[in-house]
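Enquirer: Need the 3D shape of this:
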Amino acid sequence: MSPSRPAGWRETTIRRVLRRLDRPAQADLGVITAYRDGTVTLRSNRREDGYTFSDTENGYQEVRPGDLVFHALDGFAGAVGVSDSHGNGSPVYHVCEAIDGCHPEFFAHLLRHLGTSGFLTTQAPSVRERSVDFRNWSTFARVPVVLPPPDEQRAIADYLDRETAQIDTLIAKQEQLVATLRERRKSLITRAVTVGIDPSAKLRDSGDPTLGMVPTHWTIKAIRRWFLSLDGRRVPLSSEERDDRRGPYEYFGASGVIDHVDDYIFDEDLVLVSEDGANLLMRSTPIAFAATGKYWVNNHAHVLRPLAGPVAYWANRLEAIDVAPLVSGSAQPKLTARALMGIRVAAPDSVEEQQRIAAFVHEKTAKIDALIAKTERFIELSKERRAALITAAVTGQCGVRVSA
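Expert: You can find the predicted model right below:
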């Protein structure tokens with residue numbers, strides 16, 4: 001710990017201020033999760049996709065509201081807090097009650113600071129890259145801490161609750177703004193590539209419910225009539241092979257650029273479409289993207305050469321397609337080449353019109369992207385300010401007045 005500490009603060013160890021609880025799991029209770037943002041709550045209060053559930057919950061333990069929960073493998077990254085829920089927690093959690101005048105909310109803030117500042121990584125063995133193992137209670141219990149008197153702990157906890165709540169509210173509003181801007185961006189692109197940018201253009205019923213109304217002068221045909229497939233030229237490289245072949249050329253997979261290697265397969269502008277992965281259904285990131293210059297593509301992305309027109313237009317046009325009905329497989333969703341090439345697409349035959357649409361989309365999205373970047377930077381700075389506020393408070397660098 002620091003060689004100096006504020007007057008009235010004392011140095012001790014975790015075992016003297018926390019008592020480990022060992023309650024058996026209770027039937028019919030939900031799963032409690034300790035998140036890296038310091039929230040400890042029922043998993044159902046946040047999100048459940050991406051998690052697996054155990055019917056037996058072997059080794060799970062009861063967690064009650066007010067318990068201090070420390071994730072023994074993820075606490076170094078901030079996964080520690082006071083539970084707001086009643087449920088069952090993983091055996092990898094230390095579920096504790098505060099003793100000897102220790103205030104749980106204050107102590108949770110302190111432990112998160114010790115974790116994110118890197119101090120906890122010096123107190124336990126490493127089990128994987130950027131992780132430490134505190135599953136042994138004795139290892140965790142001997143970690144040194146510096147604490148103010150109980151009344152000051154409570155005052156600091158109350159102060160942080162007020163101040164961080166204001167920052168969190170501001171961050172939430174900015175995150176909602178980013179989500180709104182992203183949705184606006186997506187809608188703008190979809191409309192531009194599916195009905196064009198000429199408001200006076202006449203529309204006709206395509207006769208295909210997936211296409212709807214389309215400009216009368218646009219052509220509807222399968223992707224195989226718009227593109228040439230170059231899938232046969234793809235070459236996958238294992239992670240070990242890529243490690244031995246580091247270089248300047250982009251290496252594409254289903255999610256875009258995933259690495260860089262010392263050689264290239266393609267030297268032309270092409271459109272890549274994800275072949276497999278959960279993102280085909282979730283669509284949290286693009287599944288179609290333009291690849292330019294010299295690059296390598298593995299067998300997880302379809303490679304398409306437009307028969308005419310700019311890849312910037314075609315990447316956006318294919319991104320606007322709902323491929324979910326055509327995806328096969330549940331464990332590993334897959335969009336086969338046959339399914340992809342058979343998708344019917346409405347588009348202008350005129351390369352000039354395609355270029356106008358691409359230019360329009362670029363101009364409009366550039367403005368939205370700039371606003372998104374500015375907002376995300378504000379969010380980043382707000383989170384840094386929040387962390388600095390907590391650090392200053394739990395280490396005694398800022399005076400928090402104790403009520404008489």
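
Enquirer: buried set for stretch 248-261?
Expert: Of all the residues in stretch 248-261, those buried under the rule 16 or more other CB atoms under 10 Å are Tyr249, Glu250, Tyr251, Phe252, Gly253, Ala254, Ser255, Asp259, Val261. No exception for glycine: its C-beta is placed from N, CA and C like everyone else's.

Enquirer: Name the nearest residue to Thr292, ignoring sequence neighbours.
Expert: Leaving aside its chain neighbours, Thr292 sits nearest to Asp269 (4.8 Å; criterion: CB to CB, 6 or more residues apart in numbering).

Enquirer: Touching, the one you found and Trp314? I think so.
Expert: No: Asp269 lies out of contact with Trp314 (CB atoms under 8 Å); the separation is 9.7 Å.

Enquirer: These two - which one has more neighbours?
Expert: The neighbour count for Asp269 versus Trp314, taken as other CB atoms under 10 Å, is higher for Trp314 (28 against 16).

Enquirer: follow-up on the earlier one: which residues do Asp269 and Trp314 both contact?
Expert: Common contact partners of Asp269 and Trp314 (CB atoms under 8 Å, 6 or more residues apart in numbering): Ala290.

Enquirer: Under a three-state scheme, what state does Pro325 occupy?
Expert: helix (DSSP: H, G, I helix; E, B strand; the rest coil).

Enquirer: can you check the one 5 residues further on too?
Expert: Following three-state DSSP, Ser330 is assigned to coil.

Enquirer: Share the number of residues neighbouring it, please.
Expert: 7.

Enquirer: And for Arg23?
Expert: 14.

Enquirer: any idea which helix or strand comes after whichever strand or helix holds Arg184?
Expert: Arg184 belongs to helix 150-195 when assigned by DSSP states H and E. Heading C-terminal from helix 150-195, the first helix or strand you meet, by DSSP H and E, is strand 203-205.

Enquirer: who does that following strand pair up with?
Expert: Partners of strand 203-205 in the sheet, by DSSP bridges, are strand 213-215 (antiparallel).

Enquirer: Give me the buried stretch members for the strand it pairs with, please.
Expert: Buried residues in strand 213-215, counting neighbours by 16+ other CB under 10 Å, are found at Val214, Pro215.

Enquirer: what's the answer for stretch 261-273, then?
Expert: Those would be Val261, Tyr264, Ile265, Phe266, Asp269, Leu270, Val271, Leu272, Val273, for stretch 261-273 by 16+ other CB under 10 Å.

Enquirer: Repeat that for stretch 295-302.
Expert: Those would be Tyr295, Trp296, Val297, Asn298, His300, Ala301, His302, for stretch 295-302 by 16+ other CB under 10 Å.

Enquirer: Counting only strands, which of those make the cut?
Expert: Tyr295, Trp296, Val297, Ala301, His302 (DSSP state E).
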